[in-house]
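Student: Okay, structure incoming, though there's no sequence with it:
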């Protein structure tokens, strides 16, 4: 009887691992930050397009080259970071900006990623990434 129960459990575990591996494989490489949106508790919202790049290396390290102006302030981020993922989350660590956190994966496509996160309070951020060779495909 336990053999019959073990098989469905094994299938669920393997399916979860393959979804995690699929995201890992898709993330590796250079991505353009196609859109970044942040909204705070007073409903102030900033939407920015094409603000730089982020690169995920196979050794689970990465680097960013991002710069933008928002609320009359210039932001520039280019630190190295460590990253990890599950099938539904990407976590970026050792970074000095507000993106050093866990991101929820909303869309996971080969040339396009859409993630969301919060600032721990009432602010929400949405990040859209696209592979540089996928510009025309997505219409972004």
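Tutor: Looks like it came in fine. Owing to the predicted nature of the structure, the values given are computational and were not obtained by experimental measurement. Numbers count the residues shown, from 1 in each chain.

Student: So which residue is smack in the middle of this structure?
Tutor: residue 115 (5.1 Å; C-alpha atoms, centre = their mean).

Student: Where does it sit: helix, strand or coil?
Tutor: When classified by DSSP: H, G, I helix; E, B strand; the rest coil, residue 115 comes out as strand.

Student: my guess is it meets residue 90, correct?
Tutor: Yes: contact criterion C-beta atoms under 8 Å: residue 115 and residue 90 qualify, at 6.5 Å. (Glycine included, C-beta is placed from N, CA and C.)

Student: got any residues that touch both of these two?
Tutor: 103, 105 (C-beta atoms under 8 Å, 6 or more residues apart in numbering).

Student: Skipping adjacent residues, who's closest to the residue nearest to the centre of the chain in space?
Tutor: residue 103 (3.9 Å; C-beta to C-beta, 6 or more residues apart in numbering).

Student: And that neighbour, which helix or strand is it part of?
Tutor: strand 102-109 (DSSP states H and E).

Student: helices or strands up against that strand?
Tutor: helix 2-27, strand 89-93, strand 112-118 (3 or more C-beta pairs under 8 Å, 6 or more residues apart in numbering; DSSP states H and E).

Student: at 10 Å instead, please
Tutor: On a contact count with 3 or more C-beta pairs under 10 Å, 6 or more residues apart in numbering; DSSP states H and E, strand 102-109 meets helix 2-27, strand 80-85, strand 89-93, strand 112-118, strand 124-130.
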